[in-house]
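Trainee: Only the shape, not the letters, is given here:
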């Protein structure tokens, strides 16, 4: 049926008041005639027709049903038009507002007009309630505009289950046991993801800075210290300073050592005890080429002592597997593992305390695993202009900012640890065999086939010192502690140099001759591995060419511990080794895939 809008009366501001009154009266008469004709038609309808019309109206616009309709044939005839007086009507009293329906579309030939039924003082409220009911009816018919698939409604728990078998390998690792095939709920899936993150990423990447309780406890400690310091008198401070000076003078410990070495280590007898292997949960299937404890996992907040008895151990080898273990000396549970199909791992190291691990092999590329995000990135040598066919050996600075690869023709390739971009090259005579960073990361040492030891400044990349090793043969290994430099040679001789007394020759800027403070000759083959512990009191020396070729040296006295290792110690061939943070554990990786773990009781106190 065609529809039309009611014509609106527009009054020009130039029209006189008489014309306005006549116009209003004409409009009122027209509305009265239309209403009378409408009511006449409705009066001719039968009660059944009226009931049917009322039911249809209630169905379309809401309101009462056919059972609640009370049809009165004369009720509509008592309607009168609204008074022309603004805001007042004789039948309805004072009106608070009036509804303008002039713009509403109506059926042709029908016009309700602006009128108010008698005996219905709440007509405005009825209109509002009908509008609300109409909106509710439309919403209920249309349904929800959007539904969350991950909602935790009780009725949707059965349809939002997650299968741990059909998904990728990362989801399969969330299973409690291997034969678990039943799907789990969304809440259980979220709980297992959180547990997986705590056991893998958070153990390598430190998140204690976000711990509110730890920060609050530190604030309380600082407040207590301030209160105590305010209450102390000047005499008490003088006594404390005097007692601290006496303790320093009475001790024979090194002033450059850390707090863990305030108790001197006995020079000849080492109190050591073997515990279960570090990788007892899943031994390597081949030689352990890479082995390292995380620098900060298991340490106290000040970095001096271990507050936890469970440091994190990383192992890698020729079986192309990278594994992480939580060391406690008993179970040594496995935390995580990764398999690299196209690269047997020759070297692996943490990038400082960031939680990332760098791995390389006899390939022109290397991998970086980010434990926090779980991503593995591959970098090719040609991306930074490297033509080496193998990047199997590298060294990482203590802070993880620089990665130094051993290149060909005496080149040391430097990459940025964060962006993995090339930042420069260092050149030396002969071929590079060993590289080591200073403890503060400001200098890098290198040596090789010519037997000379080079020292470069990392920032300027200029050689600041060069001297000839006393042994004179090819250098095989380097290690640096706080004040001692250890140089291992192919002949098996390990020379110790005082790194604090180096003074370049004013003539040419180099000191060509340096005398070692100690020469260790307890190994008859090449000293392939040299490693200091945290405080520099112990130096571990090992060779890969001789069975049971591991020795531990007491650095302050220059003597080898006589009680360990013995002829019955099952070391075999040690290919990698490391000390845990705080030197509580010593671990050595063998050619049979075992990580022999020993506990140093001196550092437990």
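Mentor: Ah, there it is. Keep in mind that this is a model prediction, so the values were computed, not measured.

Trainee: Sketch out the low-pLDDT regions of the stretch 1-150 of the chain for me.
Mentor: Residue ranges of the stretch 1-150 of the chain with pLDDT under 70: 1-21, 36-45, 60-150.

Trainee: Equivalent analysis for the chain, please.
Mentor: Those would be 1-21, 36-45, 60-159, 201-262, 297-309, 501-512, 605, if you go by pLDDT under 70 across the chain.

Trainee: residue boundaries of the helices in it?
Mentor: 17-44, 47-61, 123-142, 169-172, 186-204, 212-231, 234-250 (DSSP state H).

Trainee: ok, residues contacting the shortest one?
Mentor: Contacts to helix 169-172, defined as C-beta atoms under 8 Å, 6 or more residues apart in numbering, come from residues 162, 164, 165, 374. For the C-beta atoms, the positions are set from N, CA and C on the backbone; glycine is no exception.

Trainee: run the last query once more with 10 Å
Mentor: For helix 169-172, the surrounding residues in contact (C-beta atoms under 10 Å, 6 or more residues apart in numbering) are 162-166, 178, 180, 189, 192-193, 196, 339, 374.

Trainee: ok, the residues you listed vs residue 58, which is closest?
Mentor: residue 162 (47.7 Å; C-beta to C-beta).

Trainee: Buried among the contacts of helix 169-172? Need that as a selection in ChimeraX.
Mentor: In ChimeraX syntax, the buried subset of the contacts of helix 169-172 is picked out as below (16 or more other C-beta atoms under 10 Å):
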select :162,164,189,192,196
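
Trainee: Can you tell me the closest non-neighbouring residue to residue 280?
Mentor: residue 332 (5.3 Å; C-beta to C-beta, 6 or more residues apart in numbering).

Trainee: Now that neighbour: phi and psi?
Mentor: Torsion angles at residue 332 (phi, psi; degrees, to the nearest 10) stand at phi 50, psi 60.

Trainee: what's the burial count for it?
Mentor: Neighbour count for residue 332, taken as other C-beta atoms under 10 Å: 21.

Trainee: Same question for the one 10 residues further on.
Mentor: Burial of residue 342, expressed as a neighbour count using other C-beta under 10 Å, amounts to 10.

Trainee: Surely it is in contact with residue 366?
Mentor: No: if you go by C-beta atoms under 10 Å, residue 342 and residue 366 don't touch, sitting 11.8 Å apart.

Trainee: okay, and the common contacts of the two?
Mentor: residue 378.

Trainee: coming back round to it: if I pick the residue nearest to residue 280, what's in contact with it?
Mentor: Residues near residue 332 by C-beta under 10 Å, 6+ apart: 275-282, 310, 313, 325-326, 595, 597.

Trainee: Kindly provide the distance from it to residue 447.
Mentor: To residue 447, residue 332 is 36 Å away according to C-beta to C-beta, to the nearest Å.

Trainee: Check whether residue 377 really touches residue 357, as I assumed.
Mentor: No: the criterion here is C-beta under 10 Å, and residue 377 misses it with residue 357 at 11.2 Å.

Trainee: any common contacting residues for the two?
Mentor: Counting by C-beta under 10 Å, 6+ apart, the contacts common to residue 377 and residue 357 are 367, 368, 369, 370.

Trainee: Quick one: neighbours of the residue lying closest to the second one once chain neighbours are set aside, just the number.
Mentor: Distances taken as C-beta to C-beta, 6+ apart place residue 377 nearest to residue 368, at 5.0 Å, with adjacent residues excluded. Residue crowding around residue 377 was assessed by other C-beta under 10 Å; the count is 11.

Trainee: Same question for the one 5 residues further on.
Mentor: With neighbours defined by other C-beta under 10 Å, the count for residue 382 comes to 10.

Trainee: Next up, the contacts around the residue lying closest to it once chain neighbours are set aside.
Mentor: Excluding the flanking residues, the one nearest residue 382 by C-beta to C-beta, 6+ apart is residue 364, at 7.2 Å. Counting by C-beta under 10 Å, 6+ apart, residue 364 makes contact with 380, 381, 382, 386, 387, 388, 389, 390, 391.

Trainee: now residue 492
Mentor: 471, 473, 476, 520-528, 541, 543, 545-546, 549.

Trainee: Same check on residue 284?
Mentor: Neighbours of residue 284 in contact, by C-beta under 10 Å, 6+ apart: 291, 315-319, 321, 323, 589-595.

Trainee: Just flag the most distant two among those.
Mentor: Maximum distance among the contacts of residue 284 (C-beta to C-beta): 16.9 Å, for 323 and 591.

Trainee: neighbour count winner among these two?
Mentor: residue 323 (24 against 18).

Trainee: Check the gap between that one and residue 174 for me.
Mentor: 19 Å.

Trainee: and what of residue 577?
Mentor: 34 Å.

Trainee: who has more neighbours, the two?
Mentor: Taking other C-beta under 10 Å, residue 577 and residue 174 do not tie; residue 577 has more neighbours (22 against 18).

Trainee: shouldn't the more buried one be in contact with residue 587?
Mentor: Yes: here residue 577 reaches residue 587: they are 6.6 Å apart, a contact under C-beta under 10 Å.

Trainee: who touches both of those two?
Mentor: Shared contacts of residue 577 and residue 587 (C-beta under 10 Å, 6+ apart): 288, 291, 292, 595, 596.
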